[in-house]
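Engineer: how would this look folded up:
(chains A and B, ligands or ions: 2)
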Amino acid sequence: MPLSSQLEAGLEAPICLTWELTYGCNLACTHCLSSSGRRDPRELSTLEAKRFIDELAEMQVFYVNIGGGEPTLRRDFVELVEYAVAHRVGVKFSTNGTTMTRKRAELYASMDYLDIQVSLDGASAKSNDPVRGEGSYQAAIRAMELLAEAGFEGFKVSVVVTRKNAFELEALLAIAEAHRAQLRVTRLRPSGRGADSWHELRPSAEQLRSVHRFLSSHEEVLTGDSFFHLAPLGKALAGLNLCGAGRVVCLVDPVGDVYACPFVMHPEFKAGSIRDQGGFRAVWREGELFAKLRRPSPGGACNACDAFSECRGGCMAAKFYTGLELGGPDPECVLGHGEAVLAAVVDRPAVEPGHSRPVSLLAARRR
Amino acid sequence: MACAGSTSPGEKKVFDPALAYRLSPSVALRREPFGALSYHYGNRRLTFLRSAALAELVERLGEFPSGGQAVAAVGVPEQRRASIERALSELLASDVICVR
Ligand code: SF4
Ligand code: SF4
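Structural biologist: Numbering: from 1, shown residues only, chains lettered A, B, ... in the order given. Ligands and ions are numbered 1, 2, ... in the order given. Next up is the predicted model:
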């Protein structure tokens, strides 16, 4: 059996688990996948978070991707990271950089099993700030400088590719390298606030071709496996090249709810809660939704496509939030099959209103 | 943590049945339906070990005085020996296992 089919059938534990520690955030990016802004008062307590880490350690989840919101705003953030790495659960966390200080950078640099991802969505304030908020470029660059000065080598600079920055990837790579960091580029998905901004921010077909060229000639650039739908443009990119939702990927949100993937935080893709009896283990191994996602799907229009073995129909989240058939083409199908079906959609699922609170950037910004 | 027997980059690593091996101290191994998944905390590399026999062998390498004896002890059939040894060489090159 090919590895991809074995992975699609599910694993004992996820490979790529994202844990959004808080919805609290001091920015309000227009494409935020979790529509973050304010904290949820029902957030996991420190004790609950530690019990969850214990469970991850027992299940041998090798590392977690901590995100949010802005995870570093949680008062127990460092305590939880230290607790995780002490239990051999590696941590990679994403940050907008606003909370970075010299002291913090030195602390992070001194820790084993820790990796950091600084979000940046443009090679200058002019292209970054309209998406991530005024001053966010400066904050991210400052954080990168502090990390570099503290000797934290190989942290990641994480870019969501949009229409506004798709032609800046070389410049973004240079910025990352200047700080001894690695560039990581990921796909913009129409989730959270991204559902509203997706239509205007998504890269054009021409830009997607140039992204594919860029990635093919820069194998050092990481992608979080998010551009496998571009494979039919040429060679397949490095990675597992499949939609991992509920199979190798899952998301745990700030209140402990478990979803199939960070980009489908919608009731339809909620598998359970770590607060339920049996905890995360039961949700991952026995959850009904996950069992369903791991069964071979009846498929749809994509099964007949020559490129299916590489592209596998693309991203489930992108199809879901644009109202497309899950077995049919991705809205960004590089063979052009997405545009036609996209135009025919009348009924799109509403984004979960629970996390979708409008936030005023000025009011929410902390110094 | 580097392995005791780590060699300089570029040097080709080949599994030698006469030497003693172990799972690298920086690596965790998790059994999976297809075999096992290993993760290297240093270079953050995931490796798929695609058979139960290979997974068991790697888990138990450290119990035997030599790699060859470990291969014999877990009952690798003669015709699969070459491919298992090739897999071990790859695991050695990526520091999943190391000389002890
Ligand atoms: S739904 Fe999309 S983002 Fe989520 S795992 Fe599948 S391909 Fe990746
Ligand atoms: S039709 Fe489907 S499988 Fe074929 S390239 Fe488009 S999205 Fe991929």
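
Engineer: okay but A:Cys25 is in contact with A:Gly69, surely?
Structural biologist: Yes - A:Cys25 is in contact with A:Gly69 according to Cβ atoms under 8 Å; the separation is 4.6 Å. For every residue, glycine as well, the C-beta is placed using N, CA and C.

Engineer: more neighbours, the two?
Structural biologist: A:Gly69 (29 against 26; other Cβ atoms under 10 Å in any protein chain shown).

Engineer: In contact with the more buried one, which residues are there?
Structural biologist: Neighbour list for A:Gly69: A:Glu20, A:Leu21, A:Thr22, A:Tyr23, A:Gly24, A:Cys25, A:Ser34, A:Ser36, A:Arg39, A:Pro254 [criterion: Cβ atoms under 8 Å, 6 or more residues apart in numbering or on different chains].

Engineer: follow-up on the earlier one: quick check: neighbours shared by A:Cys25 and A:Gly69?
Structural biologist: Contact criterion Cβ under 8 Å, 6+ apart; residues shared by A:Cys25 and A:Gly69: A:Ser36.

Engineer: before we move on, the earlier item: of the contacts of A:Gly69, which is the most crowded?
Structural biologist: Of the contacts of A:Gly69, with other Cβ under 10 Å as the count, A:Ser36 tops at 29 neighbours.

Engineer: For chain B, which segments count as helices?
Structural biologist: B:52-60, B:67-73, B:81-93 (DSSP state H).

Engineer: if you look at the last one, does any of it touch chain A?
Structural biologist: If I follow you right, that is helix B:81-93. No - figure legend: helix B:81-93 not in contact with chain A (Cβ under 8 Å from any Cβ of the partner chain); closest approach 14.2 Å.

Engineer: State the separation between that helix and the centre of the chain it belongs to.
Structural biologist: 7 Å (Cα atoms, centre = their mean, to the nearest Å).

Engineer: Now do that helix, average pLDDT.
Structural biologist: Here helix B:81-93 scores 93 as its mean pLDDT.

Engineer: Can you give me the buried ones in it?
Structural biologist: B:Ile84, B:Glu85, B:Ala87, B:Leu88, B:Ser89, B:Leu91, B:Leu92 (16 or more other Cβ atoms under 10 Å in any protein chain shown).

Engineer: Quick one: residues contacting the third one.
Structural biologist: With contacts taken as Cβ under 8 Å, 6+ apart, B:Ala87 has the following neighbours: B:Leu49, B:Leu54.

Engineer: cool, and the fifth one?
Structural biologist: B:Ser89 makes contacts with B:Lys13, B:Val14, B:Phe15, as judged by Cβ under 8 Å, 6+ apart.

Engineer: For it, give its distance to ligand 2.
Structural biologist: Applying Cβ to the nearest ligand atom, to the nearest Å, the value for B:Ser89 to ligand 2 is 36 Å.

Engineer: any idea how far ligand 1 is from that residue?
Structural biologist: The gap separating B:Ser89 from ligand 1 is 33 Å, by Cβ to the nearest ligand atom.

Engineer: And A:Ala139, how far from A:Pro71?
Structural biologist: For A:Ala139, the distance to A:Pro71 equals 15 Å [Cβ to Cβ, to the nearest Å].

Engineer: neighbour-wise, which of those two wins?
Structural biologist: A:Pro71 (24 against 21).

Engineer: my guess is the more buried one meets A:Asn65, correct?
Structural biologist: No - assessed by Cβ under 8 Å, A:Pro71 is found out of contact with A:Asn65, at 10.1 Å.

Engineer: Reformat the contacts of A:Gly69 as TSV; add pLDDT and distance to B:Leu37.
Structural biologist: Shown next, in TSV, are these (pLDDT from 0 to 100; distance: Cβ to Cβ, whole Å):
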residue	pLDDT	distance to B:Leu37
A:Glu20	96	24
A:Leu21	95	25
A:Thr22	94	30
A:Tyr23	92	31
A:Gly24	91	33
A:Cys25	90	33
A:Ser34	77	28
A:Ser36	79	31
A:Arg39	85	35
A:Pro254	96	28
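
Engineer: show me what contacts A:Leu172?
Structural biologist: Applying Cβ under 8 Å, 6+ apart, the residues near A:Leu172 are A:Leu120, A:Gly122, A:Ala123, A:Val157, A:Val159, A:Asn165, A:Leu183, A:Val185.

Engineer: Closest one to ligand 1 out of those, please.
Structural biologist: Of all these, ligand 1 sits closest to A:Val185, with 13.9 Å by Cβ to the nearest ligand atom.

Engineer: Tell me the confidence at that closest one?
Structural biologist: A:Val185 carries a pLDDT score of 96 in this model.

Engineer: what's the answer for A:Leu361, then?
Structural biologist: Residue-level confidence at A:Leu361 comes out at 32, pLDDT.

Engineer: Check the gap between whichever residue of the stretch 101-250 of chain A sits closest to ligand 2 and A:Gly313 for me.
Structural biologist: Closest contact between the stretch 101-250 of chain A and ligand 2, by Cβ to the nearest ligand atom, is at A:Pro232 (4.7 Å). Distance, A:Pro232 to A:Gly313, using Cβ to Cβ: 11 Å.

Engineer: Neighbour count: those two, which is higher?
Structural biologist: A:Gly313 (25 against 18).

Engineer: Now the more buried one. Nearest residue, chain neighbours left out?
Structural biologist: A:Cys302 (3.9 Å; Cβ to Cβ, 6 or more residues apart in numbering or on different chains).

Engineer: now do A:Val157
Structural biologist: A:Ala176 (4.1 Å).

Engineer: mind showing which ranges of the chain have poor pLDDT?
Structural biologist: Just going to use chain A. Applying pLDDT under 70 to chain A flags residues A:346-348, A:350-367.

Engineer: You answered for a different chain; I wanted chain B.
Structural biologist: Checking chain B against pLDDT under 70 turns up B:1-12.

Engineer: Would you mind measuring from the residue in it that ligand 1 sits nearest to to A:Gly90?
Structural biologist: As assessed by Cβ to the nearest ligand atom, ligand 1 sits closest to B:Leu46 within chain B, at 16.0 Å. Plainly put, B:Leu46 is 11 Å away from A:Gly90 if you go by Cβ to Cβ.

Engineer: Now stretch A:238-251: buried residues?
Structural biologist: A:Leu240, A:Asn241, A:Leu242, A:Cys243, A:Gly244, A:Ala245, A:Gly246, A:Arg247, A:Val248, A:Val249, A:Cys250, A:Leu251.

Engineer: and these, which of them are in strands?
Structural biologist: A:Val249, A:Cys250, A:Leu251 (DSSP state E).

Engineer: quick one: contacts for A:Ala171?
Structural biologist: A:Ala123.

Engineer: part of a helix, is it?
Structural biologist: Yes - counting by DSSP: H, G, I helix; E, B strand; the rest coil, A:Ala171 is found in a helix.

Engineer: isn't there a strand covering the residue nearest to A:Val157?
Structural biologist: No - A:Ala176 is assigned helix when assessed by three-state DSSP, not a strand.
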